[in-house]
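*Asks:* Sequence first, then the predicted structure:
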Amino acid sequence: MLSERLQKRLSKDRPMTTITLRIPVDVVESLKEIAPLKGFSGYQTLLKQYLSEGLRRDEAQLGTSPAALLLEALRRRGVPEDVLEGAVRDLAA
């Protein structure tokens, strides 16, 4: 059974909040150039993707997230690593 926290993370309609973030202009320009090359509609979506990837990586390294615990349980049960990596990529998209 998935934890409540993981269920919330998997939900496509989670509540959002607005933040203000100061980013150098050249970084924003690079994000705008890269976003369509990676199949994103805009640079903000790409930026959220980068944040999600970094957060999931750090949570997995620190072993603190329910997602990390679930991934480890699936690994112990023999789920192939490429399948797990694909599922994590799908979640981050």
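*Replies:* Right, received. Where do you want to start? Numbers count the residues shown, from 1 in each chain.
*Asks:* ok, Leu47 touching Lys32?
*Replies:* No. Here Leu47 does not reach Lys32: they are 10.3 Å apart, not a contact under C-beta atoms under 8 Å. For the C-beta atoms, the positions are set from N, CA and C on the backbone; glycine is no exception.
*Asks:* by contact count, what packs against the helix or strand containing Gly54?
*Replies:* Of the helices and strands defined by DSSP states H and E, Gly54 is found in helix 43-62. Helices and strands in packing contact with helix 43-62 are listed as helix 25-37, helix 66-76, helix 81-92; criterion 3 or more C-beta pairs under 8 Å, 6 or more residues apart in numbering; DSSP states H and E.
*Asks:* Which residues in it does the neighbour count mark as buried?
*Replies:* Going by neighbour count (16 or more other C-beta atoms under 10 Å), the buried part of helix 43-62 is 43, 46-47, 49, 56, 59-60.
*Asks:* Nearest to Ala68 among the residues you listed?
*Replies:* For Ala68, the closest of the buried residues of helix 43-62 turns out to be Ala60, at 4.4 Å, with distances computed as C-beta to C-beta.
*Asks:* Return the distance of that closest one relative to Ala87.
*Replies:* Using C-beta to C-beta, to the nearest Å, one gets 13 Å for the distance from Ala60 to Ala87.
*Asks:* Quick one: low-confidence residue ranges for the protein.
*Replies:* 1-10, 63-65, 92-93 (pLDDT under 70).
*Asks:* mind putting the buried residues of helix 43-62 in JSON lines, distance to Leu21 included?
*Replies:* Formatted as JSON lines, the entries for the buried residues of helix 43-62 read as follows, by distance: C-beta to C-beta, whole Å:
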{"residue": "Tyr43", "distance to Leu21": "12"}
{"residue": "Leu46", "distance to Leu21": "14"}
{"residue": "Leu47", "distance to Leu21": "9"}
{"residue": "Gln49", "distance to Leu21": "15"}
{"residue": "Arg56", "distance to Leu21": "19"}
{"residue": "Glu59", "distance to Leu21": "21"}
{"residue": "Ala60", "distance to Leu21": "24"}
